[in-house]
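J.: Predicted structure and sequence below. I'll ask about it afterward.
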Amino acid sequence: MHLSGDKVASVDLGHNMARFRRRDIEDLTAVSVKLAEVAGAIQQVRSPWSGAAVQLLRESNEIVLSVRDRALAKMQRYLVKHGVKIAPPAPDAGGAGDEPSQGGNAPAGQA
């Protein structure tokens with residue numbers, strides 16, 4: 001994989017190949033919210049193609065939420081492993097719960 005100029009980064013395919021930052025998780029949550037909003041707007045159109053479009057958006061949202069939930073779980077395991085105390089989430093803040101999200105656009109643990 002070439003980055004820029006002469007710098008080259010190698011990728012070990014046995015490794016998870018991804019490092020998620022808190023910002024990445026927030027971005028995935030924002031994308032999920034936008035996908036749900038677009039699906040709702042298209043559903044209001046009630047044209048012959050709207051059902052198929054809404055279904056594709058919902059499937060895409062499920063993928064986004066799945067990636068986000070895995071990233072949250074990985075981040076939580078890392079913090080626990082390194083002895084970082086995890087404060088319980090505020091009632092309206094969400095956070096990584098024991099159950100995976102079931103397709104809503106709420107943060108993990110609040111689906």
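T.: Received, thanks.
J.: Over to Val84. Which of the three states is it?
T.: The three-state assignment at Val84 reads coil, by DSSP: H, G, I helix; E, B strand; the rest coil.
J.: For it, grab the count of nearby residues.
T.: 9 (other C-beta atoms under 10 Å). Heads up, the C-betas are built off the backbone N, CA and C, glycines and all.
J.: now it: how far from Ala71?
T.: Distance of Val84 to Ala71, given as C-beta to C-beta, to the nearest Å: 16 Å.
J.: again with Lys81
T.: Counting by C-beta to C-beta - Lys81 and Ala71 are separated by 16 Å.
J.: who's more crowded, these two?
T.: More crowded of Lys81 and Ala71, by other C-beta under 10 Å: Ala71, with 20 against 8.
J.: Surely the more buried one is in contact with Leu28?
T.: Yes - Ala71 is in contact with Leu28 according to C-beta atoms under 8 Å; the separation is 7.1 Å.
J.: For those two, list the residues in contact with both.
T.: Counting by C-beta atoms under 8 Å, 6 or more residues apart in numbering, Ala71 and Leu28 have no common neighbour.
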